[in-house]
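**Student:** What follows is a predicted structure for the sequence shown.
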Amino acid sequence: MASKAGARKEGIWETVRTIFWALVIAGIFRTLFFQPFWIPSGSMKDTLLIGDFLFVNKMAYGYSAHSCPFSMCPITGRILERAPERGDVAVFRHPTRNVDFIKRVIGLPGDTVQMRGGRLWLNGEPVPTTPAGQFVEIKEQQGPQGLIPRCVNDPVGAGGQCVKERFIETLPGGRSHSILNITDGWVADDTPTFTVPEGHYFFMGDNRDNSEDSRFPAEIGGLGFVPAEFLIGRADRIMFSSAGRSLLFFWTWRSDRFFKAIE
């Protein structure tokens, strides 16, 4: 009897040890290679929606002071094993606010970037866009913050159809993605010409009239240029998505977005 009790006790401890080391390995894997990220706002619609959940590939660009955990990487700048490309959707630490942002890489070091009449110009050339119909969503509170979407057809009552104009933008190099327009003549539809400094990147949101991004200089409280050392990683795929204010509202899950690649 004693041997059976001892074996049972040993089996329990073996299970506990297995679970413990599994959690440790999972924690190390998460810390070193991937970082979970929930989409809190509508600045990247319709590529990313409020309530999308994804893992950020922290190895996509190499390690920095912000992507490397604790003091495991004794560096003060960034070791770029692969530089970000135009069109990448990336997560980075805001240079002044100490919070994580997610936007699209638009300008590389040395590029000139300007908005003219709501259209993007890169290095003195207009970036091609083609109409792609409309993006339609329900005018209702979205996500835990209860954000209300802006619409081309405002005023729209609660529960009504909220419309945005949709276009496909093709960056130099051939990568294409969806962008949205809400209103003409918005504050950032016309900008000065920005020249991206060496070691920095210019980010914009796909929901162009609802995005706080590099069009707003850091000197006036905006994002400005993002130094390479503030990059965390690249977002490649949506893993899960919920349109409700709580993850428990299973009837609001958007199964068509599960495991969807990010373009």
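**Tutor:** Ah, there it is.
**Student:** dump the residue contacts of the closest residue to N207 other than its chain neighbours.
**Tutor:** With Cβ to Cβ, 6 or more residues apart in numbering as the criterion, N207 has its nearest non-adjacent residue at 4.3 Å, and that residue is K45. To be clear about C-beta, it is placed using only N, CA and C from the backbone, and glycine gets the same treatment. By Cβ atoms under 8 Å, 6 or more residues apart in numbering, the contact list for K45 reads F135, K164, L180, D206, N207, N210.
**Student:** In a strand, the first one, correct?
**Tutor:** When you say that, I think you mean F135. Yes: according to DSSP: H, G, I helix; E, B strand; the rest coil, F135 belongs to a strand.
**Student:** ok, it to I179 distance?
**Tutor:** Shown here: F135 relative to I179, a distance of 10 Å by Cβ to Cβ, to the nearest Å.
**Student:** neighbours of F202, just the number please.
**Tutor:** F202 is flanked by 27 other residues according to other Cβ atoms under 10 Å.
**Student:** Test my guess that it contacts F225.
**Tutor:** Yes: with contacts defined as Cβ atoms under 8 Å, F202 counts as touching F225 at a distance of 6.2 Å.
**Student:** quick one: low-confidence ranges for the protein?
**Tutor:** Across the chain, the stretches falling below the confidence threshold (pLDDT under 70) are 1-33, 63-81.
**Student:** residue boundaries of the helices in it?
**Tutor:** For the chain, applying DSSP state H gives helices covering 2-32.
**Student:** list the contacts for the most centrally placed residue in the chain?
**Tutor:** In the chain, the C-alpha closest to the average C-alpha coordinate belongs to I102, at a distance of 2.9 Å (Cα atoms, centre = their mean). The neighbours of I102, taking Cβ under 8 Å, 6+ apart as the test, are F37, I39, M44, L48, V89, A90, V91, F92, A235.
**Student:** any idea how far it is from T170?
**Tutor:** With the distance defined as Cβ to Cβ, I102 ends up 21 Å from T170.
**Student:** Repeat that for N57.
**Tutor:** With distances defined as Cβ to Cβ, the gap from N57 to T170 amounts to 24 Å.
**Student:** Please say which of the two ends up with more neighbours.
**Tutor:** Just comparing N57 and T170: by other Cβ under 10 Å the higher neighbour count belongs to N57, 19 against 14.
**Student:** Now do the contacts for the more buried one.
**Tutor:** Contacts were defined as Cβ under 8 Å, 6+ apart; by that measure N57 touches F33, F34, G233, R234, A235, D236.
**Student:** ok, those vs A218, which is closest?
**Tutor:** Nearest to A218 among these is G233, at 22.0 Å by Cβ to Cβ.
**Student:** OK, contacts around that closest one?
**Tutor:** F34, Q35, V56, N57, K58, M59, A60, Y61, S67, A90, V91.
**Student:** Can you flag which of those residues belong to strands?
**Tutor:** Assigned to strands by DSSP state E, the following of the contacts of G233 qualify: F34, Q35, V56, N57, A90, V91.
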